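A.B. asks: sequence unknown, structure follows:
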């Protein structure tokens, strides 16, 4: 039974919940989930409302014009999604497979409501893997001198494959602001340590520092590397018994589960972004 | 700035969110938090709505009659709470202090919006502790032969002190169904292990079994010992390096934090109970 | 650089650590890891000693006779393993793939020091999956009437493929005591909930009960279903927002990681079993 | 039954475990726990050996001279501790009570094998609290101009009270290198966030950033503020539903448990420090 989901953010004011729910109700919609949040500091109201389309008196195409008037009145940013839509994901990878395989497995197992028609990599290594799953693989080398050309190719592929979401499944290249502005949303994953170690060999440095916890952070990619809105984080305990190789292995496990959760939240339209942070109606 | 909170559960039907929010809005109330849940199996809708009382057009005393009509129409069970109410807690203990002291400390630190005027124990041991915090202490011994009398005394104290919530902070006696029906809500804490070990010396048996995780469960007390609606649970890792004494210590830590969280959820009116389970709008 | 590992358990007595380490030292071995545990209740001493084979004055074949005398003197149960051995795993599955694929992926990624030459299933469904990884697949249907025959076939395969470890990767059949006595060690995975729900549809019942935590337990299989020595456990939080399908998905994630950790501990010779429990020198 | 514990770190070489255990064994000592670790990068061997003093053939005073020869031969840094020693802790606090009360409560409950004869604060606020527990309270104001004098007073008190361990239970002042060199070991606690936010109002900034996890880190204090050897860390989940006040409350809970664990590890002589990191034989 398909449902529709409205994601709304607007300046906080009285009566917003009433207005939104009255809109659904006035067309005989049955709300399945409704979750609201007010950020008093930002003066913002954020809402996610999901309702059953069965018996709803508006055709899908009529919902946008019908809601536009309400949205204008409350100065809302908003999105409308249908649960039977099947967003198209492009996975970007380099050479590591743990995040890539995990996402493909979850998609095949029915955990991720999406298609994965495209893998883009700056290395040729994973082509056999892609082929074994019947997913198109495009090898686009990236060098400092030809980055702009590579990004043009990447953008063309995103358009050609009608991609709705890019997931950087351990794609070890920085994306330009220009690409990010033209691309659909991009989710990235990176390791996290307490304290954080920027730069190369983070697990090696975490090991040298004797940290007792390592983790991973999934976020929307922005020009500021690893500084985009955080979607999900998790950690795992480590000790002096863990070698650098153990930290890397445990870190990989964290990256897999945290990235999968973040992609799932996004696909289920549970994430609202504002002021470089997120509300996740999980 | 005080707020009001409605907790509502009723048979699921279309338009409930709209109805509830329209009620608040029609009197110029500003909804701060609204959380809803539908249990399709039970056919139930559950909701928690909190709104600012500033500028609300109904006096507090007028809210109940105003909402009664709506509640009747949707066959709702409901409660109304005000954030500046200060519920009165009775702590029941035996000899152990870890949960008792933790709750008192949190109340003093402003973490628990409540008063604690009364401690009841079946042992005299904790009287000096109670006295040092200026809390009345009543020692009511419980023996199989005189349990009914003891419970009558306990109920009389609950009434005399106008108690709103009983917290069993390691009170090692079973309460009768009769007492539970006459008392205000009662929250209990007990250890949890995977697998569970009923009966005496659970930590000793968990140690013998070599479990790798122990935990604690906070729930509303019912006649079926330890089978009431679960409010909160948490666990901690253990290993062969942990002695039985270590398990007991780690278990105590879990009991403290899990009980404190459960009491807090209850005091903030975040818990709805139905069919021996809870929805916690945390 | 290969290493040797001794796993020793014996009645506790003075001087055991000294005896074991003197043995290694007397042949110029360099101890890399040494972990000991005393269980005072059981009166047992348990030890894992790993030493570098480089420069060690005994040939591999000489170690067993050399240590036998010491072992006899301290009445020890003991095992000797070499780090460059590559144990052979048989994966047993039914229809679900999450544990199976996860173990294969980890083995391919170099996380599990083992080979996986054989998959046995009571269903034909996973044959294409096995084939895609180049792993032999044997479909052995199991019916109550022909269970003994099926087990005879299974045992023959274990022998034919020289299997060192059986991993039940969601194999939904009970193994007989007879099979377990003749087979190499068998590791099983099952869901865990607090409280535990025996029997069918555990996630459905956990959902009905409103539990706040679910988990998974990996253990050595014994005749008492799900009662064997626990190797590893872990849990994840759930709430009323999680449907039964969400519990199943989260449970699957727990099963994957907990089973993988348990298999890894076993393969690295970190697990000692005694009195239906384990010491895991992790 | 009292035990002795040797903490040893020395350049890695063959036969160290054998040497240490032979030493204990040669005087008829029974090793209760022995834990070793080799850091190949640092070329260091680290060991903790605990043995029963009952039946041990050396008097306590004879152990040091007896072991000195061995220690010299292996170029070891080492410490000897007795389990029935009762180290004396000075708690340093400012105005917050959560860590202070938690440590006092645990000490009274028998969880921390230590005495707490002294509280030092740069504020007068907690004097009644200290008095209620019968602990001496010294108010030493700290101003930039008179910091040296204040530290002289503090050092004098540490000497006068024969303090073995200083625990900064939310003492909001930086200690000078000079004081740290003259004082006994100092354990500090601070909040941790992913990413980390240096400077003022960390919880406020973590909230603004929308982090999903916050934590706490306990470490030995060094001149580099919050950069000393990490003893213990832990984290807790947060979401957009958590206000800044909730983050502070959850952070406090983390600080309490993490600091208590770190102090306990130290008191049980489980922590070895080298190269600005720790091995915790937990």
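C.D. replies: Happy to help now that I have it. Being a predicted model, the structure only gives us computed values, none of them experimental.
A.B. asks: residue A:132 and residue C:132 touch, don't they?
C.D. replies: Yes: assessed by Cβ atoms under 8 Å, residue A:132 is found in contact with residue C:132 at 6.4 Å. For glycine as for every other residue, the C-beta is placed from the backbone atoms N, C-alpha and C.
A.B. asks: show me what the closest residue to chain B within the stretch 101-250 of chain A is bridged to.
C.D. replies: Relative to chain B, the nearest point of the stretch 101-250 of chain A is residue A:237 (7.8 Å; Cβ to the nearest Cβ). Beta-bridge partners recorded for residue A:237 (DSSP bridges): residue A:213.
A.B. asks: ok, it - contacts?
C.D. replies: By Cβ atoms under 8 Å, 6 or more residues apart in numbering or on different chains, the contact list for residue A:237 reads A:212-213, B:237.
A.B. asks: for those residues, which one is nearest residue D:32?
C.D. replies: residue B:237 (22.3 Å; Cβ to Cβ).
A.B. asks: which residues of the stretch 101-250 of chain A lie near chain C?
C.D. replies: A:101, A:105, A:109, A:111, A:132, A:241, A:249 (Cβ under 8 Å from any Cβ of the partner chain).
A.B. asks: tell me the two of those that are most distant?
C.D. replies: Farthest pair in those, by Cβ to Cβ: A:132 and A:241, 36.2 Å.
A.B. asks: the two - which one has more neighbours?
C.D. replies: Counted by other Cβ atoms under 10 Å in any protein chain shown, residue A:132 and residue A:241 do not tie: residue A:241 has more neighbours, with 14 against 11.
A.B. asks: phi and psi next, for the more buried one.
C.D. replies: phi -70, psi -20 (degrees, to the nearest 10).
A.B. asks: Provide a list of residues in contact with it.
C.D. replies: Contact partners of residue A:241, counting by Cβ under 8 Å, 6+ apart, are C:282, D:37.
A.B. asks: ok, residue A:35 next?
C.D. replies: Applying Cβ under 8 Å, 6+ apart, the residues contacting residue A:35 are A:47-49, A:281, B:35-36.
A.B. asks: beta partners of it?
C.D. replies: Under the criterion used here (DSSP bridges), residue A:35 is bridged to residue A:48, residue B:35.
A.B. asks: measure residue A:84 to residue A:245 for me?
C.D. replies: Between residue A:84 and residue A:245 the distance is 44 Å, computed by Cβ to Cβ, to the nearest Å.
A.B. asks: residue A:282 too?
C.D. replies: 33 Å.
A.B. asks: comparing these two, which residue is more hemmed in?
C.D. replies: residue A:282 (18 against 12).
A.B. asks: hang on, the more buried one packs against residue A:265?
C.D. replies: Yes: if you go by Cβ under 8 Å, residue A:282 and residue A:265 touch, sitting 6.1 Å apart.
A.B. asks: any low-confidence regions in the stretch 51-200 of chain A?
C.D. replies: Counting by pLDDT under 70, not a single residue of the stretch 51-200 of chain A qualifies.
A.B. asks: redo that, cut-off 80
C.D. replies: Scanning the stretch 51-200 of chain A for pLDDT under 80 picks out A:194-199.
A.B. asks: run through the residues of it sitting next to chain D.
C.D. replies: A:192, A:194-196.
A.B. asks: of those, closest to residue B:258?
C.D. replies: Of those, the one sitting nearest to residue B:258 (Cβ to Cβ) turns out to be residue A:194, at 24.5 Å.
A.B. asks: with adjacent residues omitted, what lies nearest to that closest one?
C.D. replies: residue D:192 (4.6 Å; Cβ to Cβ, 6 or more residues apart in numbering or on different chains).
A.B. asks: test my guess that the one you found contacts residue D:214.
C.D. replies: Yes: taking contacts as Cβ under 8 Å, residue D:192 lies within contact range of residue D:214: 7.1 Å.
A.B. asks: name the residues contacting each of the two.
C.D. replies: What both residue D:192 and residue D:214 touch, as defined by Cβ under 8 Å, 6+ apart, is the set residue D:235.
A.B. asks: could you give me the buried positions within the strand or helix carrying residue A:205?
C.D. replies: Per DSSP states H and E, residue A:205 falls inside helix A:202-209. Residues of helix A:202-209 classed as buried: A:202-203, A:205-209 (neighbour count, 16 or more other Cβ atoms under 10 Å in any protein chain shown).
A.B. asks: SS state for the residue in the stretch 151-282 of chain A positioned nearest to chain C?
C.D. replies: Closest residue of the stretch 151-282 of chain A to chain C, Cβ to the nearest Cβ: residue A:249 (6.0 Å). Of the three states, residue A:249 takes helix according to DSSP: H, G, I helix; E, B strand; the rest coil.
A.B. asks: ok so, going back, which pair of the contacts of residue A:35 spans the longest distance?
C.D. replies: A:49 and B:35 (12.6 Å).
A.B. asks: no further queries at this time; thank you.
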